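Undergrad: Based on what follows, work out the 3D shape:
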Amino acid sequence: MMRKILKNKKGFVSIETIIATTCALMVVLLSIGFFTWLFPRVMLQIETHDLAQKAKIQGGLTDATSEPVNSDVEQFKNRLAQMGYDKNQVNVIATTKPGNLNAMGVTPLHDNGTNYIKRDSKELIQLTIQVPANNSIKAPMSFFGLNQNLVDNKYTIVESVMSERW
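TA: Numbering: from 1, shown residues only. Below you'll find the model as predicted:
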């Protein structure tokens, strides 16, 4: 049935059919490129939200200096490595606003110490994650002549939380 619609009785394909098929193919390619750029970002946002919840509970994030085994930052980087990101290119920054204090390397919950952001300090912990982006969307965009600066080379996720640790 479809073959009869696409072909003329003489065996030729009409120019309208070629144009419609080409347009449909371009929309599909652009959709695939956009999805391959967007899906990893959504997964990264979920992981960043989990990390922000840890920072909220313990007043910052532990790193290799404050907790050599199973630090929050290393566990986060390992989960991203399992998702296919390069662990060495993941950049985790945790600072407070407006005081600009470092919220990395805090005392873990199970240890006694005062190196953490306290709840009554009214400081907002801002967690910034930067990971190299998937560049597969650039190929369909370049075909349409769109500006390459529309797509950043990094995923940058920023999440802010207040400390709950007294």
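
Undergrad: which stretches of the protein have low pLDDT?
TA: 1-11, 134-152 (pLDDT under 70).

Undergrad: Which helix in it has the most residues?
TA: helix 15-58 (DSSP state H).

Undergrad: Packing partners of the helix or strand just after that one?
TA: Sequence-wise, the next helix or strand downstream of helix 15-58 (DSSP states H and E) is helix 72-82. Judged by 3 or more Cβ pairs under 8 Å, 6 or more residues apart in numbering; DSSP states H and E, helix 72-82 is in contact with helix 15-58, strand 91-97. All C-beta spots, glycine's among them, are computed from the backbone N, C-alpha and C.

Undergrad: centre of the chain versus helix 72-82, how much separation?
TA: 13 Å (Cα atoms, centre = their mean, to the nearest Å).

Undergrad: in it, what counts as buried?
TA: Asp72, Val73, Glu74, Phe76, Lys77, Leu80 (16 or more other Cβ atoms under 10 Å).

Undergrad: in terms of contact, does Gly60 touch Lys118 like I think?
TA: No. Taking contacts as Cβ atoms under 8 Å, Gly60 lies outside contact range of Lys118: 10.2 Å.

Undergrad: Kind regards, and thank you for your time.
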